[in-house]
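Trainee: sequence and predicted structure are below.
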Amino acid sequence: MFCELHTRSAFSFLSSGSQPQRLAARAAEIGMPAVALLDRDTVAGAVRFHFEAKEKGVKPIIGAEITMEDGSLLPLVPIDLEGYQNLSRLITTVKLRSKKGEHSAARKDIEEHSTGLLCFTGGADGFMHKSIEAGNGIADLAWLNYVFEKRLYVELQRHHLRREEHMNQVLLGLAHKLRIPYFAANGAYYADEHDRELFDVFTCIKNHCTIYEAGKLLSENSERYLKTEQQMSRLFDDLPEAVAVTSEIASRVNFSMEELSYSFPAYPIPSGETMDTVLRQKVYQRSIERYHESKKAVRFQIQKRLDKELRIIEMKRLAGYFLVVSDISDFCKAEGILSQGRGSAANSVVCYALGITAVDPIEHDLLFERFLSEKYDRYPDIDIDLPSGDDREKVIQHVYQKYGRRGSGMTANVISYRGKSALREVGKVFGFSTDVLGRLSKINSHYETFTGTELNEKLKAEGFVPGDDIRLRKFTEMYHRILDYPRHLGQHSGGMVISLDRLDAIVPLEPASMEGRTIIQWDKDDCEALKIVKVDLLGLGMMAVLRDSMALIREHHDVDLQLYKIPSDDPTVYSALQKGDTVGMFQVESRAQIAFLPKSRPANFYDIVVQVAIIRPGPVVGNMLSSYIARRQGKEEVTYPHPSLKPILERTMGVPLFQEQLLKMSMEIADFSGSEAEELRRAMGFKRPDKKMDLVGRKLREGMTKNNIPPDVQEKVVDYVKAFANYGFPESHAFSFALLAYASAYFILHYRACFMAAMFNNYPLGFYSAATLVKDAQRHGLHFRSLDINRSDYIFTVEDVEGEKQIRLGLKFVRGLREEIGRKIVLERSRPYTSVADLVRRVPEINKREIRALSVAGALNFDNTVHRREALWQSELATRDRGELFAETLDEKVDAAFLKRMEGLDLVEADLRRTGISIGKHPMVFIRNDLSKQGILSAEQTRHLQKDDIVSVAGAVIIRQRPMTAKNVVFITLEDETGHSNFVVMPDIFERYRAVINQNDYLTIKGIFEDRGMIKAMHFSPIFSFTTEVVSHNFR
Amino acid sequence: MSRLCACIVSPDSNQDREALIAVAHQFSYLLETIEDGILFDVSGLERLIGTPKQITEKIAAELRKNDLPGSVSVASTRETATLLARQNAAGNTANNTSDTFRQLPLSGLPIERDTLNVLRELSITKIDDLLGLPDEELIGRYGQEFRYILDIIQQNGTALFAPNVKNDRASWDFSLNSPVEDFEQLIFLLNHGLEKLFEQVAHSGHSTEHLDLCFKLRDRSEKAYEIKTSFPTLERAFWLKLINLRVALDPPGSEITAVNVVAHFTRPRPAQSGLYAASRPEPESLLLTVNKLKKLVGDENVGVPTMLDQRLAEAFTLDAALIPKGSERLDANEKAPVIAFSYFRPPVRAEVLVRDKRLVFIKTSRFSGHVTEYSGVWRANSRWWDAAWRTQEWDIEVEGKGVYRLCKTNDGWCLLGEYD
């Protein structure tokens, strides 16, 4: 039997036309017993290839082509585990010592890592071909034979090309001479013949040329596909033994990916102890501290719950994992880094006791089974939220330091061709001009992606006729085919894998684009498939805000707040939430949340948990949102799809809102096992779930039919599951987020100045621009103090002004001012700066642009002794190089009477231009009189409208949104000096005014008031009175 | 008499450059082309035409007459004229009042972007605003270089014209009293024309290797020929022969009513390449031979073979426009020997006997015989994105005949050519 021993997948990036799964599937289709995947310097596609091949009954062989110093490739295939470990370490060694993309292996590297590996001589780009061309054939083959004794094979490839035969004859001659066995391979770059087209497209992308310019870079024919035994036998009818030997070589390979026994690192423990006993002691000790203020009823349950959890942890041999995560958490505490566990860990009392999570599972009735279960064959998932930025990096570097560069790594993120990137790249290949590419990109923008018929219709609407022009037809065909193909390996946002042994024995590591980081070649799904536990160290801007807020609150209010000690029943928090007055609050500040909050009226912590989870595509598409609201408002009776589901859905009024509920439902009424439920969870989380979801949907129906569940209920349950495939939120995540949402609300309502200063210091984050945050804070009575070179710090600070806490703007918002200069200005301020010349003298590194920026931003007014334009005029003199002789003339008094003082709108616009925020009047104030005369309303006036009132409202556009769940309806929010007004724009109206809406920062919108507090927009006109740009939340 | 400068700024200055120069030539011989138009000296025209305003209108009228878009201005300095003209580049209008000048935005002045931004922040956006600032304050901040800007806005500009319009060609025209059907009849006339033309070329110290020949035809159409050599020459007889051969290959098709010949200037060829230089055939004779061959076998069948960087069944072409240099043989000698292949034109149809999937016998109109050896099948295909093609070929050795390339198409077997 013929086995293809040399294939390459799309994970060789731009060098193959097929996904690894397709190669495996095709091998099965043609009855090939084994197939080898040898991607270039990577095993990134190996896991998915392995599992697909196993499922299809084909023996998967994993290897890699190693790039040598001369640019040739040396194919290596592990025979056993040791061989795989050597291959992994070889790739790691070669990659880690070079810059990204510039690696190559020396002969010494091959010699050091050769044990357990088969070596092939390769194809046209192989090591031996290059060597023969250079006249070193016999010497190099002898070297390979020495290094890979009895494990070296000469590879013969035939693709119906004249020029190959000469090389094959030379190789055969050498093989006979050195008595090295040879085999036939097709060096498949794609699974099917027609995939050659995609391979050609990738060749063009790789060489930055169009298909029309590519010329001889393209392949000569389409023969590099997976061929059947008959085809290969015909090709090698003169050398039948070369085909026959392939199955023998395949049988030499005894390594399987499943052999990779990953184990979490052992935690250092004192002698005589086990990790279980150490964990038990630590948990009990910490639980006393954690629960000593808890209610008696809670304390009563602790012991029983901890015993149960620890028993399961011990049974699953996960004590080491918990100790490692706890160690990271302890490191955070020791370093003063705010951290909070997220994910299903929130269900664990052990995690709460260890300080990993901040939500008490007993108080909130969270079940441990959702985290770890005897039934589930699933590894725990602990995500740790950290303040984004330096703190998070510090924790990541701590892990690298503790477990070694080769013992830990970030998980990869496979970046695939998606709508816009696919359109742009394929468009370039087909030679579309920048202008046409722009038009094509608009069709598939980041907020609407079309494929199939829909794309063709869009193309037609844009003036393209795909059917008529072969170029467009091929372009659209290639665009569809390239979707989901891997483009490059990126870095996962925070997933880290840590290993007991060297991690590079399990998976190759490579340098990430970010300095000081290494990534493994597998993504999170690959890790999960191989049961590799990862710890997610996620950066969250709000964590940094809370950290900074707590420090400011401690400093200015003398109150020491902890995340898990904030009172969870504060009425002011619930009152603000119920009014939708939530700008700046974590997760509940978006336009949709603000619209929804007055209807859902959260009244306790669990309501916030629901609130965080409900504005997601899953619940919206599945009508769970509307149903939940109706039930909450008493407009709809609380019913259950089936009586057996009551215990699962009771908490959410009969409506499934969380992923866990769906899993539980499947187990309850379709008898899903733990692993089947896990499969369902994976299908729901899959990026393109259709295929997997159909399979799970069928299983679900079968299970329900077996349990005599009526068809209408079956339909409903399947609909819920399908809706969740659009993205539903796990309850455990929601709990952790709800805690942050609550904390942010609590801080903002009780310590607004401290919280907002922290917000600005960690900006950008959240939904709104800094300008909008300032205006909202001002409407809530917070006062800001202007930029002042003698008073402002680099960051925003809180000042006590006659008992009132006010915010002093920081220099960091001055656009163009380098951070080191901003900090130096503050550092050098032992005595006040007296003039621009004084500033230049004391901070000589400051450049002309920075002084200009400070002048226009109003930081150089020196207690109003000069106005901004005078300061700027002085700056122009002060920054001029005049040599030592005339240095003193810097201090000359400048008469600038000919300059007009900056006032009114000029001043506001200068603020916005130079700092992005203005603490003065809102720009709309300056045209309010004119607007009033025209009968155009302010946001405040829209609150008193009646249904069907026709009104015009004007303001700055701060939100343009087109949620994918809203069927092309666009939502717009305008801001003026009185607040926000919200508009809904129907698709036909949006298309009519698309340019006006997208290209103008200030608009007058005429529309009809609807009872949902929204104005249905009918007409748009731009306002041209302003010159500054508005930073808005656009189509994200 | 005061100095006066005129400026025409055109939205299509590149396209209309020749026409603009022609218009400017009507008013002045001191011309300077600028990026977006043309500047010319109109000092002294007051006596002939009148006030600057009247001069402006006269130039604008000339533009209109020639259907040229553009803006005209006349001012005492070249900078002022340019700034004013640029203000309304698209309109065929005149604008040269002092008030208009003072209201111009600063963006037209050659001020650094940074400085311009500062001035904008200071609410100084027009020339009038800038004139309001003390000179010494500005120079104190922006240095003596800023004096240049001040001179512009105070209209003290002293910059002179830098004439940059140069001829790069010469032409000869002749309109016939009665149409001529046969080009041969024009040879005598053309000979005279070339004599005149080459006199002009030589007078300017140049030679030519590129002639454009254009016939106006009786049916009001035109027939143009571009004739190039690989060396400059003013040898009339040679050019005449070349023209004759070229026209014979592609005759005008209608009676000729007028002739225009343009000679593009180039540097003359050195008279002697070296005292001891090996004698070579005259390039003129090589070129004439090639053209005679073209006349015999057709333009498309003579040329320099060039490999194409494309995936095609026959990835080479004959470049008829490429002129052989005579060095090709030298290049060929440096490379390793290759097997030459002669293409059959058209391919030779064949009947092939296949037994047990092996090629056994071949019969063609030229020969027939047993296939003693063969290799293949060699497959190639490409251009799936527009004109897909696919070939299947074998190399066969026919007993006692030679080695051939055999291919199979939908129409059957054929021989593509023979290995040398």
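Mentor: Yes, it's here. Residues are numbered from 1 along each chain as shown, chains lettered A, B, ... in the order given.
Trainee: name the helix or strand for residue B:258, please.
Mentor: Taking DSSP states H and E as the definition, residue B:258 sits inside strand B:256-266.
Trainee: in its sheet, what does that strand sit against?
Mentor: strand B:169-180 (antiparallel), strand B:207-217 (antiparallel) (DSSP bridges).
Trainee: name the residues of the helix or strand following the first one that are buried.
Mentor: Meaning strand B:169-180. Downstream of strand B:169-180, the first helix or strand assigned by DSSP H and E is helix B:187-203. Buried residues in helix B:187-203, counted by 16 or more other Cβ atoms under 10 Å in any protein chain shown: B:190, B:193-194, B:197-198, B:200-201. Yep, even glycine has a C-beta here, placed from its N, CA and C like the rest.
Trainee: now render those as CSV, adding distance to residue A:284 and pLDDT.
Mentor: Listed next are the buried residues of helix B:187-203 as CSV, based on distance: Cβ to Cβ, whole Å; pLDDT from 0 to 100:
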residue, distance to residue A:284, pLDDT
B:190, 112, 92
B:193, 112, 93
B:194, 111, 94
B:197, 108, 93
B:198, 109, 94
B:200, 108, 87
B:201, 105, 90
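Trainee: return the member of the residues you listed nearest to chain A.
Mentor: Lowest distance from chain A to the buried residues of helix B:187-203 (Cβ to the nearest Cβ) belongs to residue B:201, with 39.3 Å.
Trainee: which residues touch that closest one?
Mentor: B:170, B:207-208, B:234, B:263, B:265 (Cβ atoms under 8 Å, 6 or more residues apart in numbering or on different chains).
Trainee: same thing but 10 Å
Mentor: Contacts for residue B:201 (Cβ atoms under 10 Å, 6 or more residues apart in numbering or on different chains) come out as B:169-170, B:194, B:207-208, B:232, B:234, B:263-266, B:268.
Trainee: could you do residue B:357 as well?
Mentor: Applying Cβ under 10 Å, 6+ apart, the residues contacting residue B:357 are A:234, A:237.
Trainee: only whichever of the contacts of residue B:201 are buried, select them in ChimeraX.
Mentor: To isolate the buried members of those in ChimeraX, using 16+ other Cβ under 10 Å:
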select /B:169,170,194,207,208,232,234,263,264,265,266
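Trainee: now, among the contacts of residue B:201, which is nearest to chain A?
Mentor: Distances from chain A to the contacts of residue B:201, taken by Cβ to the nearest Cβ, are shortest for residue B:264, at 30.5 Å.
Trainee: before we move on, back to that, dump the buried residues of helix B:187-203 to TSV, plus distance to residue A:311.
Mentor: Shown next, in TSV, are those (distance: Cβ to Cβ, whole Å):
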residue	distance to residue A:311
B:190	110
B:193	110
B:194	108
B:197	107
B:198	108
B:200	107
B:201	104
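Trainee: one step back: if I average pLDDT within each of the strands paired with strand B:256-266, which one is lowest?
Mentor: Ranked by mean pLDDT, the strands paired with strand B:256-266 bottom out at strand B:169-180, which scores a mean of 88.
Trainee: now it against helix B:187-203, angle please.
Mentor: Strand B:169-180 runs at 170 degrees relative to helix B:187-203, counting by axes from the mean of the first three to the mean of the last three Cα atoms, to 10 degrees.
Trainee: got the contact list for the closest residue to chain A within chain B?
Mentor: Nearest residue of chain B to chain A: residue B:309, at 3.5 Å (Cβ to the nearest Cβ). Residue B:309 sits next to A:213-217, B:315 when contact means Cβ under 10 Å, 6+ apart.
Trainee: tell me the confidence at it?
Mentor: 89.
Trainee: that one in helix, strand or coil?
Mentor: coil (DSSP: H, G, I helix; E, B strand; the rest coil).
Trainee: give me phi/psi at it?
Mentor: Dihedral angles of residue B:309 (phi, psi; degrees, to the nearest 10) stand at phi -90, psi 70.
Trainee: on that earlier part again, for the record, mean pLDDT for the strand holding residue B:258?
Mentor: 92.
Trainee: past it, which element shows up next along the chain?
Mentor: Downstream of strand B:256-266 (by DSSP H and E), the next one is helix B:283-297.
Trainee: by contact count, what packs against that next one?
Mentor: Counting contacts by 3 or more Cβ pairs under 10 Å, 6 or more residues apart in numbering or on different chains; DSSP states H and E, helix B:283-297 is packed against helix B:236-249.
Trainee: got the CA positions of the helix it packs on in PDB?
Mentor: Presented in PDB, the C-alpha positions along helix B:236-249 are these (Å, rounded to 0.1, in the frame of the first residue of the first chain):
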ATOM      1  CA  ARG B 236      19.300  60.600 -45.200                       C
ATOM      2  CA  ALA B 237      19.400  57.700 -47.700                       C
ATOM      3  CA  PHE B 238      19.300  55.200 -44.800                       C
ATOM      4  CA  TRP B 239      16.300  56.800 -43.200                       C
ATOM      5  CA  LEU B 240      14.600  57.000 -46.500                       C
ATOM      6  CA  LYS B 241      15.100  53.300 -47.200                       C
ATOM      7  CA  LEU B 242      13.900  52.500 -43.700                       C
ATOM      8  CA  ILE B 243      10.800  54.600 -44.200                       C
ATOM      9  CA  ASN B 244      10.200  53.000 -47.600                       C
ATOM     10  CA  LEU B 245      10.400  49.500 -46.200                       C
ATOM     11  CA  ARG B 246       8.200  50.300 -43.300                       C
ATOM     12  CA  VAL B 247       5.500  52.000 -45.400                       C
ATOM     13  CA  ALA B 248       5.600  49.100 -47.800                       C
ATOM     14  CA  LEU B 249       4.900  46.700 -44.900                       C
END
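Trainee: what average pLDDT does that helix get?
Mentor: Helix B:236-249 comes out at a mean pLDDT of 90.
Trainee: same check, this time on stretch B:134-146
Mentor: Here the average pLDDT along stretch B:134-146 is 89.
Trainee: stretch A:435-452 now?
Mentor: Stretch A:435-452 comes out at a mean pLDDT of 65.
Trainee: about what we covered before: by neighbours, which of the contacts of residue B:309 wins?
Mentor: residue A:214 (20 neighbours; other Cβ atoms under 10 Å in any protein chain shown).
Trainee: where's the closest residue to that residue other than its chain neighbours, which helix or strand?
Mentor: What sits nearest to residue A:214 in space, not counting adjacent residues and going by Cβ to Cβ, 6 or more residues apart in numbering or on different chains, is residue A:204, at 5.1 Å. Residue A:204 belongs to helix A:196-206 when assigned by DSSP H and E.
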